[in-house]
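# Sequence and predicted structure below; questions after.
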Amino acid sequence: MLRQLRIPALLAQCLWISSAHAVDSYRYLHVTVDTPWNIFLFLLIGIFAPFILMGALAWYFSFKKKPAPPHPPASPEDHP
């Protein structure tokens, strides 16, 4: 029932919006000197976190002992 009402509700909301809201969209956005730094630090963590995780996992798994490859059985042609 709610899925059927989603699109009509969206259209009703789009008709309700006036153009004044688009002009004054930054009314509640307080931009200070710290805002670019906060964005930079947020993106820095988001970009470097996978690389830090990748390095930590590579370091962790480098100390794990790898299993020895199985030795193939000797065939009679190898021995005279």
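Okay, I see it. Just so it is clear, the model here is predicted, and its values are computed rather than measured.

# all contacts plus neighbour counts: C-alpha atoms, from now on.
Noted.

# Can you tell me the centre-most residue of this protein?
For the chain, the residue nearest the mean C-alpha position is Gly46 (7.5 Å; Cα atoms, centre = their mean).

# Now do the helix or strand it falls within: which elements does it pack against?
Taking DSSP states H and E as the criterion, Gly46 maps to helix 34-62. Based on contacts counted as 3 or more Cα pairs under 8 Å, 6 or more residues apart in numbering; DSSP states H and E, there is no element that helix 34-62 packs against.

# what mean pLDDT would you report for that helix?
Confidence for helix 34-62, expressed as mean pLDDT, is 92.

# again, but for stretch 12-25
For stretch 12-25, the per-residue pLDDT averages 66.

# dump the residue contacts of Ala68.
For Ala68, no contacting residues are found, by Cα atoms under 8 Å, 6 or more residues apart in numbering.

# where does it land in three-state SS?
Three-state call for Ala68 (DSSP: H, G, I helix; E, B strand; the rest coil): coil.
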